[in-house]
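Visitor: What follows is a protein structure lacking sequence information:
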């Protein structure tokens with residue numbers, strides 16, 4: 001399990017470097033700030049429709065005091081969402097965040113590689129699109145669930161916006 005998370009971190013850093021160094025017009029860049037839409041979390045990943053179905057949160061394997069959040073597409077089927085390991089066959093959103101209620105604006109500091117980002121994952125080609133514009137707001141955290149809202153944007157083909165509720169999965 002620890003090796004899987006180390007591999008995910010390596011993939012994340014590699015994808016971040018590739019996405020931030022890619023060429024493109026500044027006109028393609030989303031505007032700063034955020035605007036939460038009161039709807040179920042949805043959007044597009046690589047231009048494909050993403051609709052949030054189920055999701056989980058658990059203690060981070062990387063940073064003490066952080067939590068890992070996973071948002072699965074509505075078409076992803078589970079016997080037990082907490083028992084699911086890996087990426088699956090559908091579009092997915094994931095990130096880590098401080099285990100506290102609050103508003104977290106997305107950004108990346110290219111000098112230190114510090115920041116708060118959201119990964120918009122496409123299993124077709126294993127593409128990790130890194131959203132660095134927008135915000136995540138954690139509204140409630142209990143022993144069993146977490147609620148919040150998100151406006152996460154990378155570009156015109158990669159963005160999600162809306163409300164979510166995640167279930168807590170204790171460490172295995």
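Guide: Right, received. Where do you want to start? Small disclaimer: the values here were computed from a predicted structure and weren't measured. Residues are numbered from 1 along each chain as shown.
Visitor: only C-alpha atoms for contact and neighbour calcs from this point on.
Guide: OK.
Visitor: Sticking with the residue nearest in space to the middle of the chain, tell me its helix or strand.
Guide: The chain has residue 94 as the residue nearest its centroid, 2.9 Å off, counting by C-alpha atoms, centre = their mean. Secondary structure from DSSP states H and E places residue 94 in strand 92-98.
Visitor: which strands and helices sit next to that strand?
Guide: strand 66-73, strand 118-122 (3 or more C-alpha pairs under 8 Å, 6 or more residues apart in numbering; DSSP states H and E).
Visitor: Quick check: buried residues in it?
Guide: Within strand 92-98, the residues that count as buried by 16 or more other C-alpha atoms under 10 Å are 92-98.
Visitor: So what touches stretch 63-80?
Guide: Applying C-alpha atoms under 8 Å, 6 or more residues apart in numbering, the contact partners of stretch 63-80 are 50-60, 84, 88-99, 166.
Visitor: where are the low-confidence patches of this protein?
Guide: 1-31, 172 (pLDDT under 70).
Visitor: ok, now with 80
Guide: Where the chain drops to pLDDT under 80, the residues are 1-32, 84-88, 171-172.
Visitor: residue ranges for the helices of it, please.
Guide: Taking DSSP state H as the test, the helices found in the chain are 2-21.
Visitor: What sits closest to residue 127 if chain neighbours are left out?
Guide: residue 121 (5.7 Å; C-alpha to C-alpha, 6 or more residues apart in numbering).
Visitor: returning to that earlier point: just the buried residues of the contacts of stretch 63-80.
Guide: In the contacts of stretch 63-80, burial by neighbour count holds for 50-60, 90-99, 166, counting by 16+ other C-alpha under 10 Å.
Visitor: what's across from the residue lying closest to residue 99 once chain neighbours are set aside in the sheet?
Guide: Spatially, and ignoring its direct neighbours in sequence, residue 99 is nearest to residue 66 (5.0 Å; C-alpha to C-alpha, 6+ apart). On the basis of DSSP bridges, residue 66 is bridged to residue 98.
Visitor: For residue 147, list the residues it contacts.
Guide: Residue 147 neighbours (C-alpha under 8 Å, 6+ apart): 138-141, 163-166.
Visitor: Please consider this matter closed, and thank you.
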